[in-house]
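In: model the following, please.
(one chain, ligands or ions: 2)
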Amino acid sequence: MQQQLVFLVDIALLALVHVGTARDLRNIVELKNPPTCMSLKVTGGDDTEAIQKVLNSCAKEKTVALAAGVFYSRPLTIPSGVSLLLDTGVALRAIPKPALYDKGRRTCGTIDDSGDGCKSFITAKGSGIYDTGTIDGEGGARINARNFTWFKLNKVAAGRGRQTNSPMLVEISNSEDITLYQITLVRSPFYHVYTSETNGLTVINTKDDSIGISALTAPSRYISLYGTHFGRGNGLAIGSRVIHGVSNVAFSNMTLSALSHGMRIKSNTLNGGVVSNIVYENICIYRARFPISLDINSKTFSSRTYK
Ligand SMILES: *[C@@H]1O[C@H](CO)[C@@H](O)[C@H](O)[C@H]1NC(C)=O
Ligand SMILES: *[C@@H]1O[C@H](CO)[C@@H](O)[C@H](O)[C@H]1NC(C)=O
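Out: Ligands and ions are numbered 1, 2, ... in the order given. The predicted structure is shown next:
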């Protein structure tokens with residue numbers, strides 16, 4: 001980390017040169033919640049069927065509203081064009097039973113070398129998740145007879161250099177125009193939001209965990225991240241997996257506090273690629289162990305291949 005000062009100068013120069021072209025090419029304005037097609041109340045048990053049924057029948061460009069209470073569910077799919085809305089005070093919780101997320105090989109909730117055993121809690125094909133409710137992955141709940149939590153499973157796997165089979169909270173793959181607006185995502189068993197091969201993702205007003213931009217199966221480019229506060233986590237990370245290149249990313253108007261890392265670009269000899277035209281402007285970092293870091297020998301937490 002002795003080279004941090006040099007990198008700081010480089011980043012400042014980049015910001016001067018490229019600030020106009022780095023960002024998302026769309027014009028993003030403050031959003032409104034879409035009109036509601038159906039409003040649901042909790043059933044008191046497993047709400048999966050009820051929620052999935054209205055998601056499947058809701059008209060495009062409308063939203064299914066979870067109106068009040070704490071909903072419990074297994075994996076859900078938000079079909080293309082439809083949105084899910086969680087009102088203030090509403091929570092949607094992932095039932096903490098690995099078998100409910102299993103992809104069919106009975107490996108979800110175990111440690112192995114592939115880490116691809118679980119479906120995600122929410123798979124969004126479009127068009128968004130809205131409002132100030134909470135999606136809770138129950139990462140700290142007991143999931144097996146040994147009283148492991150999802151968090152503990154991940155930690156044990158990492159300690160052994162193996163892969164954890166634990167669900168991601170929100171997965172957005174092969175999609176167009178997806179919005180995450182005001183929603184709070186907590187205690188994910190694995191990544192909070194994972195997105196790949198998606199064009200037009202808008203994330204506004206998020207809290208909790210930080211950002212990681214990779215390029216595992218396709219290039220990642222024209223991304224703007226702004227107006228967000230992050231507490232805890234590993235900061236604004238690009239990498240480690242940047243095989244297809246990351247370019248034209250702008251981070252603006254953000255505050256970060258109490259993190260291990262602030263602005264971070266990392267890769268290693270297995271996952272390297274070209275990272276170019278990255279802009280950081282108006283970033284306030286408070287109490288970070290490594291405010292700026294460029295790491296060319298990063299150990300990846302996961303080498304999952306996500307089929
Ligand atoms: C798991 O927790 C329960 C409830 O606290 C306890 O009765 C049980 O002995 C625990 N099992 C193990 C393997 O620690
Ligand atoms: C950042 O904040 C400044 C000052 O409030 C504002 O002018 C600018 O548009 C903001 N940038 C973005 C990308 O939101």
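In: ranges for the helices of the chain?
Out: Counting by DSSP state H, the segments of the chain that form helices are 4-18, 48-57, 150-159.
In: tell me the domain boundaries of this protein?
Out: 7-199, 204-307 (automatic domain parsing).
In: what residues does the stretch 101-250 of the chain have near ligand 2?
Out: Within the stretch 101-250 of the chain, the positions near ligand 2 by CB under 6 Å from any ligand atom are Y226, G227. For the C-beta atoms, the positions are set from N, CA and C on the backbone; glycine is no exception.
In: do that again at 5 Å, thanks
Out: Y226 (CB under 5 Å from any ligand atom).
In: quick one: the strands in the stretch 101-250 of the chain, in order.
Out: 111-112, 122-124, 127-130, 134-136, 163-164, 170-173, 176-181, 184-186, 193-196, 199-204, 211-213, 220-231, 236-238, 246-266 (DSSP state E, counting those that start in this stretch).
In: which one of these lies closest to S80?
Out: strand 127-130 (7.4 Å; CB to CB).
In: neighbouring strands of the closest one in the sheet, and parallel or not?
Out: strand 82-86 (parallel), strand 176-181 (parallel) (DSSP bridges).
In: circling back: mean pLDDT lowest where, among the strands of the stretch 101-250 of the chain?
Out: For the strands of the stretch 101-250 of the chain, mean pLDDT drops lowest on strand 199-204, to a mean of 68.
In: tell me how far the most centrally placed residue in the chain lies from T36.
Out: For the chain, the residue nearest the mean C-alpha position is V193 (1.8 Å; CA atoms, centre = their mean). Distance, V193 to T36, using CB to CB, to the nearest Å: 24 Å.
In: which of the strands paired with strand 127-130 is buried the deepest?
Out: Mean neighbour count (mean count of other CB atoms under 10 Å) peaks for strand 82-86 among these, with a mean of 25.
In: now the closest residue to N234 other than its chain neighbours: how far from ligand 2?
Out: Once flanking residues are discounted, N234 sits nearest to H261: 5.1 Å by CB to CB, 6 or more residues apart in numbering. To ligand 2, H261 is 22 Å away according to CB to the nearest ligand atom, to the nearest Å.
In: list the contacts of H261.
Out: H261 sits next to N234, G235, A237, A288, R289, F290, P291, S293 when contact means CB atoms under 8 Å, 6 or more residues apart in numbering.
In: can you get me a residue count around the fifth one?
Out: Read that as R289. 11 (other CB atoms under 10 Å).
In: ok, the nearest residue to it once chain neighbours are set aside - contacts?
Out: Using CB to CB, 6+ apart and skipping residues adjacent in sequence, the residue nearest R289 is S260, 5.0 Å away. By CB under 8 Å, 6+ apart, the contact set of S260 is G233, N234, G235, A288, R289, F290.
In: nearest to R162, of the residues you listed?
Out: Nearest member of the contacts of S260 to R162, counting by CB to CB, is N234, at 20.4 Å.
In: now do the phi/psi pair for that closest one.
Out: N234 has phi and psi values of phi -110, psi 20 when expressed as degrees, to the nearest 10.
In: wait, it sits on L259?
Out: Yes - using CB atoms under 8 Å, N234 makes contact with L259 at a distance of 6.8 Å.
In: can you pull the pLDDT of the residue nearest to L169 when sequence neighbours are not counted?
Out: Spatial nearest neighbour of L169, chain neighbours left out: S188 (3.7 Å); criterion: CB to CB, 6+ apart. On pLDDT, S188 comes in at 92.
In: tally of neighbours for S188?
Out: 26.
In: same question for N27.
Out: There are 5 residues near N27, going by other CB under 10 Å.
In: for S188, see how far away it is.
Out: 31 Å.
In: again, but for R221
Out: For R221 relative to S188 (CB to CB), the value is 25 Å.
In: swap in K32?
Out: 27 Å.
In: cool, G262 as well?
Out: Distance from G262 to S188, by CB to CB: 22 Å.
In: who's in contact with the one residue in the stretch 1-150 of the chain that gets nearest to ligand 2?
Out: Nearest residue of the stretch 1-150 of the chain to ligand 2 (CB to the nearest ligand atom) works out as R23 at 7.2 Å. For R23, the contacting residues are Y222, I223, S224, N248, V249, A250, S252, V279, by CB under 8 Å, 6+ apart.
In: okay, these in TSV with neighbour count next?
Out: Shown next, in TSV, are the contacts of R23 (neighbours: other CB atoms under 10 Å):
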residue	neighbour count
Y222	18
I223	20
S224	19
N248	20
V249	24
A250	22
S252	17
V279	21
